[in-house]
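> 3D, please:
(one chain, ligands or ions: 1)
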Amino acid sequence: NLSYQQEPSQYEERHLRYIGPLGKGNFGSVELCRYDPLGDNTGELIAVKRLQPNKQSNMEDFQREIQTISSLHCDYIVKYRGICYSMGRLSMSLVMEYLPYGSLIGYLEKNRQNVNNKRLLLFASQICKGMEYLQSMRYVHRDLAARNILVASETLVKIADFGLTKIIPLDKEYYRVTHPGESPIFWYAPESITESKFSHKSDVWSFGIVLYELFSYCEHSRNPKRLCLQKIGNDMQGPSIAMHLVNILKDGWRLPGPPHCPPRVYSMMLDCWAYSSEERPTFSNLEEQIKTIIQDDREGAKG
Ligand SMILES: CCCn1cc(-c2nc(Nc3ccc(C(=O)NC)cc3)nc3[nH]ccc23)cn1
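Okay, the predicted model is just below:
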């Protein structure tokens, strides 16, 4: 029988070789390491998320994040590998598969000229499928944004950070957050800003922002936060930025269509940004719409 090295779900700190930084997530930083028990550099490359050594509450959040990601098994969600205890079980790290192409933002900036609408729609449908799976597990992500999407290959992206993810209670349709923390309000649905209410429908709003980021190739000048602040104007007096943002959304303002964005894609974004959460599409509607656009484009290309 072939004896193969079963990937451990317990990683020993002494065999972890630090290589370099990969990025910052919620509550922690992610490092590239090689797990090299044989000590001959033949070990596998892994991504290790370490908890920032500060307030105790982060430890509970981190343990919830580990609980979340270890329960997810989907091609469009970054894979959990295990945990690594260090400092005598005092601190622990989350071990995940290493995705070599890095963040979606960096990838689109670097490869803009050879990523066409078809590929952007493929990425959008993969994120949508990942979110459909998350919804089927009663999770709300609460931080769906291009910064939390990673590129596994030229034709595969994965959702990669579950630091803010919560489970919707069985008797409710939404999760109400008590401590908003430093929230990414420019990706938030209005009800999340005004009532701290998070649901699959608020994740759909954020998915609309991710569509916008995809078709803007994550260009700095079109960054959602930048355009919203421009629209709000720089008068920081009066109501907080959050209330200014809700007001302009209530008045009907939305992010503008990115240059060369197909009209049907922009109208999908606008559907996701329906002020009333019930009017927003579901992730399965969106997936159907994206599939249709891809097929029609293919017909068009043939025609
Ligand atoms: C999502 C926010 C938190 N975060 C997670 C990661 C991460 N990165 C990578 N690969 C990666 C990253 C960057 C680059 C690069 O070239 N940069 C200039 C190349 C490869 N694999 C990962 N597996 C699990 C998490 C994770 C990075 N930040």
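> I figured Ile232 hits Ala242, correct?
No. With contact defined as C-beta atoms under 8 Å, Ile232 does not count as touching Ala242 (10.1 Å). For glycine as for every other residue, the C-beta is placed from the backbone atoms N, C-alpha and C.
> so what's the residue in the stretch 101-250 of the chain that the ligand sits nearest to closest to, chain neighbours aside?
Nearest residue of the stretch 101-250 of the chain to the ligand: Gly102, at 2.9 Å (C-beta to the nearest ligand atom). Excluding its sequence neighbours, the residue lying closest to Gly102 (C-beta to C-beta, 6 or more residues apart in numbering) is Val151, at 6.2 Å.
> can you pull the contacts of the one you found?
99, 101-104, 107, 157 (C-beta atoms under 8 Å, 6 or more residues apart in numbering).
> please apply the same query to Pro190.
Residues in contact with Pro190 (C-beta under 8 Å, 6+ apart) are 246, 249-250, 275.
> SS state for Gly163?
Using DSSP: H, G, I helix; E, B strand; the rest coil, the structure places Gly163 in coil.
> now Asn148, nearest residue through space, not along the chain?
Of all residues not flanking Asn148 in the chain, Asp161 sits nearest, at 4.2 Å (C-beta to C-beta, 6+ apart).
> quick one, grab the pLDDT at Gly303.
Note for Gly303: predicted pLDDT of 50.
> I meant Leu286, not that one.
In this prediction Leu286 is given a pLDDT of 98.
> give me the number of residues near Lys197?
20 (other C-beta atoms under 10 Å).
> likewise Gln230?
Other residues close to Gln230 by other C-beta under 10 Å number 9.
> quick check, the residue in the chain closest to the ligand?
Gly23 (2.3 Å).
> up against the ligand, what does the protein have?
For the chain, the contact set with the ligand under C-beta under 6 Å from any ligand atom comprises 22-23, 25, 30, 47, 78, 96-100, 102-103, 106, 148, 150, 160-161.
> narrow those residues to just the buried residues.
22-23, 25, 30, 47, 78, 96-99, 103, 148, 150, 160-161 (16 or more other C-beta atoms under 10 Å).
> surely Asn26 meets Leu164?
Yes. The criterion here is C-beta under 8 Å, and Asn26 meets it with Leu164 at 5.7 Å.
> who touches both of those two?
Residues touching both Asn26 and Leu164 by C-beta under 8 Å, 6+ apart: Asp143.
> OK, contacts around Ile193?
Ile193 sits next to 183, 185, 242, 245-246 when contact means C-beta under 8 Å, 6+ apart.
> what's the answer for Pro258, then?
Pro258 neighbours (C-beta under 8 Å, 6+ apart): 212, 215-216, 222, 266.
> now the strands for the stretch 151-300 of the chain?
156-159, 166-167, 175-176, 197-198 (DSSP state E, counting those that start in this stretch).
> so what's Leu94 up against?
Going by C-beta under 8 Å, 6+ apart, the list of residues near Leu94 reads 28, 48-49, 62, 65-66, 69, 80, 83.
> make it 7 Å
Shown in contact with Leu94 (C-beta atoms under 7 Å, 6 or more residues apart in numbering): 49, 65-66, 69, 83.
> again, but for Lys49
For Lys49, the contact set (C-beta under 7 Å, 6+ apart) comprises 25, 28, 30, 93-94, 96.
> nearest residue to it in space, please, no chain neighbours.
Leu94 (4.2 Å).
> where does that neighbour sit: helix, strand or coil?
Leu94 - assigned by three-state DSSP - is strand.
> coming back round to it: export the strands of the stretch 151-300 of the chain to JSON lines and tack on mean pLDDT?
Output for the strands of the stretch 151-300 of the chain, formatted as JSON lines (pLDDT from 0 to 100):
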{"stretch": "strand 156-159", "mean pLDDT": "98"}
{"stretch": "strand 166-167", "mean pLDDT": "94"}
{"stretch": "strand 175-176", "mean pLDDT": "94"}
{"stretch": "strand 197-198", "mean pLDDT": "96"}
